[in-house]
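Student: sequence and predicted structure are below.
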Amino acid sequence: MVPAIVSDIIALPGWNGPMLLLLAKATLILVAALGITVAMQRGSAGARHLVWLATLAIVLLVPAVTAWVPQLPLRILPARAESSVITTPTPALPAAVENRTASVPTPARTITAPQAIATEEDGFFSSMNGVSLALTIWAVIALALGVWLAYGALAVRRIVRGSHPLDTSDWLNPLYEVADRLELDEPPALLGSSEAKMPFACGFLKPTIVLPSDCDTWSSDRRRAVLLHELAHVKRHDLVGHTLGRLACAIYWFHPLVWTAAKQLRNESERACDDLALSCGARASDYAEHLLDIVTSVRRDSTPAVALAMARRKEFEGRMLAILDPELRHSKPSRRQSAALIGSLAMIAIVVGAAAPAPRATEAKMRVATQSPGVDPQFVPRDVPEKECCDKSLDRDIDKSTDKSLERILGKRLDKDIGKAVDKSLDNSLNTTIANSVQTSTHTVVDNITQEAIRQSTSFVGKNLGNIVGSILSGKTPAKTDDRPALLANILRTDSDPQLRRTAAWGLADFADTRIAVDALADALRKDSDASVREMAAWALAQADDDATAAAALSTAIRSESNQNVRETAVWALGNLGDRDSYDALVAVLGDKSKGIRMRAVWALGNVEPREAPRALVAMLRDPDPDVREVTAWALYQIEDPSTVQALNDALKSESNKELQLSYIRALAAMGEKSVDAVRGLLTSSDPKIKSMAVRALAGGHAAGPWPWPWPQPRPFP
């Protein structure tokens, strides 16, 4: 009974049937996505977000997939109701003309009769009135949702225009640091606004982060946590997915599963950003505390719908549980997992989008056609619908039309042979015409392509003949050269404006694998009169992987540079190079008076990862500054020298700072079985955090999770 009802719905006049079929396909895709995400509840939020993003994109593309992909007939779907065919009986011929028409085939005459012809026009208009009403309601609501989104976009634009830039060092340093850790080429604009109650990201083409007016009172840890979450949205391009979800809701406003999909898309994007923050080293407990304070401080969130607010009360409980649950995966999906998910959804979309009802035989048939004497039975259709829809007036019109056709046939005295000859002649003429047309079109296309190819080839050879001949004579392959390194190097060496030289040094970082860029940056680090240019040159040299010239220039700057900022950047750059020849230069500055230089030197040694931890580095566990001691624990964690177990154990016993105790336990976890004796006594600790960390240390070196803040060096921007 249900298939019959669905078949009747699909067979509705106008475009009702196809539209309902498209709606059914979209529903199947949404249900499939719901099942996939339910099965992935213990997986990463990034993978589930990818499923919902691809699903909403596919739902918007279902009409195009249905139109462009070849249809796959599936018999599990009800077939479209086809027009019934009524074959009119051929009247018996008079005996006088029976022999003359024996070889003349009588064509079958058919009419369409699923609906009564007398009322067909009225039904059509009544159906169109219903369709027009439904279309009007859909358009009005869709337009209202579109206006609502446009109003939200205007509200965001008004807030951004009325905001003030946060361009002080206490904001730019954490901004550049987080952008560097997330590998963003350009950090977004950072603004403060009195109209914003909740931090949010906005800007489809030009990403912008807007913070509330009380953000200046935040601690440095809270600033990093908020910036990490908001920049994670920029890194993941969540604003594109958010816009896609809003667009799908505006078009499919009547479909509850589309609204559910859009809501899940937003929830999973927030959780994926939380996971990214945790994977970058943010402590789960501290991050959750910052999030809780921000949410509870806002009574009424007025963030426009087109923006991505940091948190909303309705979705906050699930996020908190996910952040604090140690069993959940907080990593992003790998490329293979992403490709598998997208490929699976694409196959589902193609199969569902291309599915079409398969034609099936009519269940009830009756034979109403009669066979006239002397008429070839193959020309008479034998199957007709069971229901007769023709009245007496229609029968009379058919009989009258049949008599006139018979008279024309008898008057022209056509027989089978003449018909065959005419058909053959028509076929030959048609074939000849088609062949000539195809041949002419093919020649035209080929000629056009050939002429265009010859023209382009001649132009290319004419312009590059000298290079081609020179390459052939020298035996070298011509390569396209990039003049930007030479131009930037020239500006760095000769321009009188220090800001332009700084920008040129920043740009040369992208060409640090070329000799001309490294030489220009090394010269600027040694000789430039402006400290900001030397600092930028030192930072750019960090991108020159394993380059002896860069390492030598940076080592010299560490020893002889008078500006502390330049020295700090040079120390960091040496660690970023990972050159073990810089070992002595880094060890030499571990006892520097500047905390910033000591921190960067310790971090650099951990990044270089020498075979054995130097004694001067182990001694940094007794540094008076807690941040330096924490970075030292991280460096020992990276080096994994078993000889440092005793020093870490002594530091653990004498340390009163709880967070530093956890850092020492993390470092001990990297030592494997050598750390068992040191960790054994922690298993009975009354502090649940220390006990949990001790168990994780015994489980393996990386069971304790990613290393938390701080990281010592932000990425500078001109």
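Tutor: Nice, I can see it.
Student: flag the shaky bits of the stretch 151-300 of the chain, pLDDT-wise.
Tutor: By pLDDT under 70, the stretch 151-300 of the chain contains no weakly predicted segment.
Student: show me the helices in it, by range?
Tutor: 169-181, 220-236, 238-251, 256-279, 284-296 (DSSP state H, counting those that start in this stretch).
Student: please list all residues in contact with the closest residue in space to residue 323 that isn't next to it in sequence.
Tutor: Excluding its sequence neighbours, the residue lying closest to residue 323 (CB to CB, 6 or more residues apart in numbering) is residue 288, at 4.8 Å. Every C-beta, even on glycine, is put in place using the N, C-alpha and C of the backbone. Contacts for residue 288 (CB atoms under 8 Å, 6 or more residues apart in numbering) come out as 320, 323, 324.
Student: kindly report the same for residue 31.
Tutor: With CB under 8 Å, 6+ apart, residue 31 has these contacts: residue 257.
Student: quick one, strands of this structure?
Tutor: 72-74, 85-87, 110-112, 164-165, 189-193, 200-202, 208-212, 308-309, 355-357, 365-366, 384-385 (DSSP state E).
Student: and the closest residue to residue 191 other than its chain neighbours, how far from residue 155?
Tutor: Nearest non-adjacent residue to residue 191, counting by CB to CB, 6+ apart: residue 163, 3.7 Å away. Taking CB to CB, to the nearest Å as the measure, residue 163 falls 13 Å from residue 155.
Student: ok, now how distant is the residue nearest to residue 323 from residue 350?
Tutor: In this view, residue 288 and residue 350 are 42 Å apart by CB to CB.
Student: swap in residue 53?
Tutor: Distance from residue 53 to residue 350, by CB to CB: 18 Å.
Student: between the two, who's got more neighbours?
Tutor: Counted by other CB atoms under 10 Å, residue 53 and residue 350 do not tie: residue 53 has more neighbours, with 24 against 15.
Student: now do the buried residues in stretch 632-646.
Tutor: 632, 633, 634, 635, 636, 637, 638, 639, 641, 644, 645 (16 or more other CB atoms under 10 Å).
Student: run through who's touching it.
Tutor: Taking CB under 8 Å, 6+ apart as the rule, stretch 632-646 contacts 602-603, 605-607, 609-610, 612-613, 617-618, 620-621, 623, 648, 651, 660, 663-664, 666-672, 674-675, 678, 701, 707.
Student: and the nearest residue to residue 631 once chain neighbours are set aside, what does it touch?
Tutor: Distance criterion CB to CB, 6+ apart; nearest residue to residue 631, sequence neighbours excluded, is residue 602 at 4.8 Å. Residue 602 sits next to 590, 617, 620, 628, 631, 632, 635 when contact means CB under 8 Å, 6+ apart.
Student: then residue 545?
Tutor: Neighbouring residues of residue 545 by CB under 8 Å, 6+ apart: 512, 513, 577, 578.
Student: quick check: it vs residue 512, distance?
Tutor: Counting by CB to CB - residue 545 and residue 512 are separated by 8 Å.
Student: pLDDT weak spots in the stretch 301-450 of the chain?
Tutor: Where the stretch 301-450 of the chain drops to pLDDT under 70, the residues are 326-334, 337, 349, 353-450.
Student: can you give me the neighbour number for residue 348?
Tutor: Residues lying near residue 348 (other CB under 10 Å) number 18.
Student: can you check residue 345 too?
Tutor: Neighbours around residue 345, by other CB under 10 Å: 21.
Student: got the residue ranges for the helices in the stretch 451-600 of the chain?
Tutor: Under DSSP H, counting those that start in this stretch, the stretch 451-600 of the chain gives helices at 484-494, 498-508, 515-527, 531-541, 548-560, 564-577, 583-588, 595-608.
Student: what helices or strands is the first one leaning on?
Tutor: For helix 484-494, the helices and strands in contact under the criterion 3 or more CB pairs under 8 Å, 6 or more residues apart in numbering; DSSP states H and E are helix 498-508, helix 515-527.
Student: at 10 Å what do you get?
Tutor: For helix 484-494, the contact count by 3 or more CB pairs under 10 Å, 6 or more residues apart in numbering; DSSP states H and E identifies helix 498-508, helix 515-527, helix 531-541 as packing neighbours.
Student: also the shortest one?
Tutor: With contacts defined as 3+ CB pairs under 10 Å, 6+ apart, helix 583-588 has these neighbours: helix 548-560, helix 564-577, helix 595-608, helix 615-618.
Student: only alpha carbons, please: show stretch 558-575 as PDB.
Tutor: Taking C-alpha atoms only, stretch 558-575 is exported to PDB below (Å, rounded to 0.1, in the frame of the first residue of the first chain):
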ATOM      1  CA  ILE A 558      74.100  35.900  20.200                       C
ATOM      2  CA  ARG A 559      77.600  36.800  21.300                       C
ATOM      3  CA  SER A 560      78.000  40.300  20.000                       C
ATOM      4  CA  GLU A 561      74.500  41.800  19.600                       C
ATOM      5  CA  SER A 562      73.800  44.700  21.900                       C
ATOM      6  CA  ASN A 563      70.000  44.700  21.500                       C
ATOM      7  CA  GLN A 564      68.300  42.200  23.800                       C
ATOM      8  CA  ASN A 565      65.300  41.700  21.400                       C
ATOM      9  CA  VAL A 566      67.600  40.800  18.600                       C
ATOM     10  CA  ARG A 567      69.600  38.400  20.800                       C
ATOM     11  CA  GLU A 568      66.300  36.700  22.000                       C
ATOM     12  CA  THR A 569      65.200  36.200  18.400                       C
ATOM     13  CA  ALA A 570      68.600  35.000  17.300                       C
ATOM     14  CA  VAL A 571      68.600  32.400  20.100                       C
ATOM     15  CA  TRP A 572      65.100  31.200  19.100                       C
ATOM     16  CA  ALA A 573      66.100  31.100  15.400                       C
ATOM     17  CA  LEU A 574      69.100  28.800  16.200                       C
ATOM     18  CA  GLY A 575      66.800  26.400  18.000                       C
END
